[in-house]
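Engineer: coordinates only, sequence not included:
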């Protein structure tokens with residue numbers, strides 16, 4: 001019973017994180033259409049989605065605590081498996097990537113959008129960087145999902 005509960009909560013955390021990153025990706029795709037033409041609109045949308053990182057954080061904490069719980073229940077048996085080691089590296093990449101890129105890029109984007117005399121080139125570059133960030137995160141989540149299903 002404990003294992004099933006941990007697994008359900010683990011999948012819930014994974015879904016929260018991946019789903020929020022997907023939603024953020026779709027929002028930024030929409031934002032890219034307005035980056036140059038309607039800067040106040042972009043600022044308003046960015047303020048509206050400022051709570052998404054908290055959802056990712058909650059999902060990450062749920063994912064990590066339940067993952068540790070399952071490793072304890074299995075008495076560490078999975079830690080020696082190749083798929084698990086690869087998965088842990090990818091989880092670390094997601095956490096580091098997610099902690100570094102979006103916060104800085106969004107803060108810089110807000111500053112640039114608030115300036116009316118600023119060139120549009122840096123704004124577009126940040127929009128492109130965020131697109132690459134989201135694609136990378138979603139790819140990492142997909143690989144983790146595949147590794148978890150097809151354990152080797």
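Structural biologist: It's in. What you see is a predicted model, and the numbers here were worked out from it, not measured in a lab.
Engineer: buried stuff in whatever helix or strand residue 96 lives in?
Structural biologist: Assigned by DSSP states H and E, residue 96 falls within helix 82-114. Across helix 82-114, burial judged by 16 or more other CB atoms under 10 Å covers 83-84, 87, 90-91, 94, 98, 101-102, 105-106, 109, 112-113. For glycine as for every other residue, the C-beta is placed from the backbone atoms N, C-alpha and C.
Engineer: cool, stretch 57-76 as well?
Structural biologist: 59, 60, 62, 63, 66, 67, 69, 70, 71.
Engineer: ok, these vs residue 8, which is closest?
Structural biologist: Nearest to residue 8 among those is residue 66, at 8.6 Å by CB to CB.
Engineer: one step back: out of the buried residues of stretch 57-76, who's nearest residue 143?
Structural biologist: Ranked by distance to residue 143 (CB to CB), these are led by residue 63 at 15.2 Å.
Engineer: so how far is residue 48 from the closest one?
Structural biologist: According to CB to CB, to the nearest Å, residue 63 and residue 48 sit 25 Å apart.
Engineer: against which helices or strands is the helix holding residue 96 packed?
Structural biologist: Packing partners of helix 82-114 (3 or more CB pairs under 8 Å, 6 or more residues apart in numbering; DSSP states H and E): helix 2-34, helix 39-48, helix 52-73, helix 121-149.
Engineer: switch the cut-off to 6 Å
Structural biologist: Applying 3 or more CB pairs under 6 Å, 6 or more residues apart in numbering; DSSP states H and E, one finds that helix 82-114 contacts helix 39-48, helix 121-149.
Engineer: need these in TSV (columns: mean neighbour count).
Structural biologist: Shown next, in TSV, are the helices and strands packed on helix 82-114 (neighbours: other CB atoms under 10 Å):
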stretch	mean neighbour count
helix 39-48	15
helix 121-149	16
